[in-house]
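S.K.: next come a sequence and a model predicted from it.
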Amino acid sequence: MKKILIEGGNRLFGEVHISGAKNSVLPLIAATLLTDGVSIIDDCPYLSDVRTMCLVLEHLGAKTHFDNGELILDTSNLDAVEPPGELVRKMRASFLIMGPLLARTGKAQMSLPGGCAIGARPIDLHLKGFEALGAEINIGHGFIETHADKLKGARIYLDFPSVGATENIMMAASLAEGTTIIDNAAHEPEIIDLANMLGVMGANIKGAGTNTIRIEGVSSLKPARHTVIPDRIEAGSFLCMAAATGGELILNNVLPEHLQPLTAKLSEIGATIETGFDSIHILGPEEISPVDIKTLPYPGFPTDMQAQMMALLTVCKGTSIVTETVFENRFMHAAELRKMGADIRIKGSSSVINGVSHLEAASVESTDLRAGAAMVIAAQMAKGISEISGLHHIERGYEGFVEKLEKIGTRIWIADI
Ligand code: UD1
């Protein structure tokens, strides 16, 4: 099994180029199913999740080609409406093909999606949206089938501002007849990125990035060329690494306003942060001050940065409280951090972290994608060489991770152990 070995105790210095956003590019790839022709996504990160999504599209009849950051997708000929279950179960975001397929072909069916084991993660809000648009839904054992002669615009209230449900409904409604209004829609930057690409395709969407999104359906959409936004979670993970090691990094290709919920907290722990137009300079603190964190939908603190922030706070001077409100089972990394000597107690949706003087190297597991990044942060703060298993989780969401870390001074190796 492949493991990451990291020797801690090094300050990180240098520049990091941030890749295109995983969470943006997956819905963008799904959106190309709405069109009949060749679309291009620029700045596409080369990630295993992107490859999985491309394979899903290829099984539906599309052709995909990746070349040096340019992803070319030819969705002219679709000859299937059901991707193989083993691909769908690999990744929850595969469910994002449901809305576009339904809108384009009038039918879609698939196994229930998989993804990181961070809670129940139901899809009821996606289905509520499709039903409101006039689709009929049949659910069997681990299987969903939807069909509709013609989708019709509707007013849809999301009980929670789900990112995926907002995206799926936005895509389906783009080709529906009439007006769709999504109330309590998600605000994440990835929603705006998707709305922008759909706009280039000819969709009529207003209000993306606010509570209420209004979509006037159009009869057809054309292929588009679009550059994906920078990955705010990859950037955030590197900011935490600089803070954890008392290092100094410049991150290029970032949109600093997307990182504001995190940079505000990093300033509170004592880091010095300066933002440029598309760059961030961070100088880590000599000593980490405690902070309390509560994850919330954007523009609140991102749940996808909770594990990395917890790793950083294990050595703060005092007590921090981290509360998770987006997912109900997202503290699995706490047990791994404890193996390194962290003092973390979980009470329901909150965790109490009493800072310790230092962490000790240990053999730990990446329990999910962002927990993997948290282990890498903790290992860099620990004394000795840590072994981190679950490299495949990290490869789902961090492009060229090992190379980028080596370049800024991390003592890191991949070993078959
Ligand atoms: C997306 C991100 C993921 C991030 C999450 C929250 C992608 C590919 N993934 O996931 O990295 O952690 O947003 O920012 O963009 N829920 C329901 N019913 C539904 C849908 C969601 O109850 O139909 C619940 C979920 O169980 C969860 C919460 O809503 O508790 C948020 O989920 P959602 O925003 O949908 O996350 P994803 O789109 O899956």
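M.R.: Thanks, I have it. Not measured: the values here are computed from a predicted model.

S.K.: residue of the protein closest to the ligand, please.
M.R.: For the chain and the ligand, the shortest gap (Cβ to the nearest ligand atom) falls at Gly164, measuring 2.8 Å. Placement of C-beta: from N, CA and C, glycine included.

S.K.: my guess is that residue meets Ala93, correct?
M.R.: Yes - here Gly164 reaches Ala93: they are 7.0 Å apart, a contact under Cβ atoms under 8 Å.

S.K.: joint contacts of those two?
M.R.: Common contacts of Gly164 and Ala93, defined by Cβ atoms under 8 Å, 6 or more residues apart in numbering, comprise Pro27.

S.K.: show me what from the chain comes close to the ligand.
M.R.: Neighbours of the ligand within the chain, by Cβ under 6 Å from any ligand atom: 23, 26, 92-93, 119-126, 160, 162-165, 190, 303-304, 326-327.

S.K.: what about 5 Å?
M.R.: 23, 26, 93, 121-126, 160, 162-165, 303-304, 327 (Cβ under 5 Å from any ligand atom).

S.K.: just the buried ones from the residues you listed?
M.R.: 23, 26, 93, 121, 123, 125-126, 162-165, 303-304, 327 (16 or more other Cβ atoms under 10 Å).

S.K.: closest one to Met201 out of these, please.
M.R.: Relative to Met201, the closest of those is Leu26; by Cβ to Cβ it sits at 16.8 Å.

S.K.: contacting residues around the closest residue to that closest one other than its chain neighbours?
M.R.: Among residues not flanking Leu26 along the chain, Ala93 sits closest, at 4.2 Å (Cβ to Cβ, 6 or more residues apart in numbering). Counting by Cβ under 8 Å, 6+ apart, Ala93 touches Asn23, Leu26, Pro27, Ala30, Asp49, Met53, Pro113, Gly115, Gly164.

S.K.: Leu239: which of those residues is nearest?
M.R.: Asn23 (17.3 Å).

S.K.: report all helices and strands that the host helix or strand of that closest one contacts.
M.R.: Using DSSP states H and E, Asn23 falls within helix 22-31. Under the contact criterion of 3 or more Cβ pairs under 8 Å, 6 or more residues apart in numbering; DSSP states H and E, helix 22-31 touches strand 38-42, helix 48-60, strand 70-74, helix 98-105, helix 163-174, helix 189-201, helix 232-245.

S.K.: ok but the residue nearest to Leu26 is inside a helix, no?
M.R.: Yes - counting by DSSP: H, G, I helix; E, B strand; the rest coil, Ala93 is located in a helix.

S.K.: okay, buried residues for stretch 262-271 please.
M.R.: Leu262, Thr263, Lys265, Leu266, Ile269, Gly270, Ala271.

S.K.: the first one should be in a strand, yeah?
M.R.: No - with three-state DSSP as the criterion, Leu262 is helix rather than part of a strand.

S.K.: okay, now the nearest residue to it once chain neighbours are set aside: neighbour count?
M.R.: Nearest residue to Leu262, sequence neighbours excluded (Cβ to Cβ, 6+ apart): Gly236, at 4.7 Å. For Gly236, the tally of surrounding residues (other Cβ atoms under 10 Å) stands at 28.

S.K.: end-to-end on stretch 214-225?
M.R.: 23 Å (Cα to Cα, to the nearest Å).

S.K.: can I get the buried residues of stretch 262-271 in CSV including secondary structure and pLDDT?
M.R.: As requested, those are arranged in CSV below (DSSP: H, G, I helix; E, B strand; the rest coil; pLDDT from 0 to 100):
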residue, secondary structure, pLDDT
Leu262, helix, 98
Thr263, helix, 98
Lys265, helix, 98
Leu266, helix, 98
Ile269, coil, 98
Gly270, coil, 98
Ala271, coil, 98
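
S.K.: closest to Ala378 out of those residues?
M.R.: Ile269 (15.4 Å).

S.K.: okay, the buried ones among the residues of the chain next to the ligand in CSV with pLDDT next?
M.R.: Supplementary listing: those in CSV, determined by pLDDT from 0 to 100:
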residue, pLDDT
Asn23, 98
Leu26, 98
Ala93, 92
Arg121, 63
Ile123, 90
Leu125, 94
His126, 95
Ser162, 97
Val163, 98
Gly164, 97
Ala165, 97
Thr303, 97
Asp304, 98
Phe327, 92
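
S.K.: dump those into JSON lines; add distance to Asp36 as well.
M.R.: JSON lines is the format used below for those (distance: Cβ to Cβ, whole Å):
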{"residue": "Asn23", "distance to Asp36": "26"}
{"residue": "Leu26", "distance to Asp36": "21"}
{"residue": "Ala93", "distance to Asp36": "23"}
{"residue": "Arg121", "distance to Asp36": "32"}
{"residue": "Ile123", "distance to Asp36": "27"}
{"residue": "Leu125", "distance to Asp36": "29"}
{"residue": "His126", "distance to Asp36": "24"}
{"residue": "Ser162", "distance to Asp36": "29"}
{"residue": "Val163", "distance to Asp36": "27"}
{"residue": "Gly164", "distance to Asp36": "25"}
{"residue": "Ala165", "distance to Asp36": "26"}
{"residue": "Thr303", "distance to Asp36": "36"}
{"residue": "Asp304", "distance to Asp36": "34"}
{"residue": "Phe327", "distance to Asp36": "37"}
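
S.K.: what's in contact with the strand or helix carrying Met310?
M.R.: Using DSSP H and E, Met310 sits in helix 306-313. With Cβ under 8 Å, 6+ apart as the test, helix 306-313 has contacts from 236-237, 240, 243-244, 262, 265, 269, 288, 290-291, 293, 295, 301, 320, 322, 324, 330, 333-334, 337, 344, 351, 353, 355, 368, 370-371, 373-375, 377-378, 381.

S.K.: show me the shaky parts of the chain.
M.R.: Within the chain, the ranges that satisfy pLDDT under 70 run 114-121.

S.K.: ok, now which ones touch the residue located most distally from the centre of it?
M.R.: Using Cα atoms, centre = their mean, the residue of the chain lying farthest from its centre is Asp149. It sits 33.0 Å away. Asp149 is in contact with Gly106, counting by Cβ under 8 Å, 6+ apart.

S.K.: A strand includes it, no?
M.R.: No - counting by three-state DSSP, one finds Asp149 to be coil, located in no strand.

S.K.: now do the buried residues in stretch 272-291.
M.R.: In stretch 272-291, counting by 16+ other Cβ under 10 Å, buried: Ile273, Thr275, Ser279, Ile280, Ile282, Gly284, Pro285, Ile288, Pro290, Val291.
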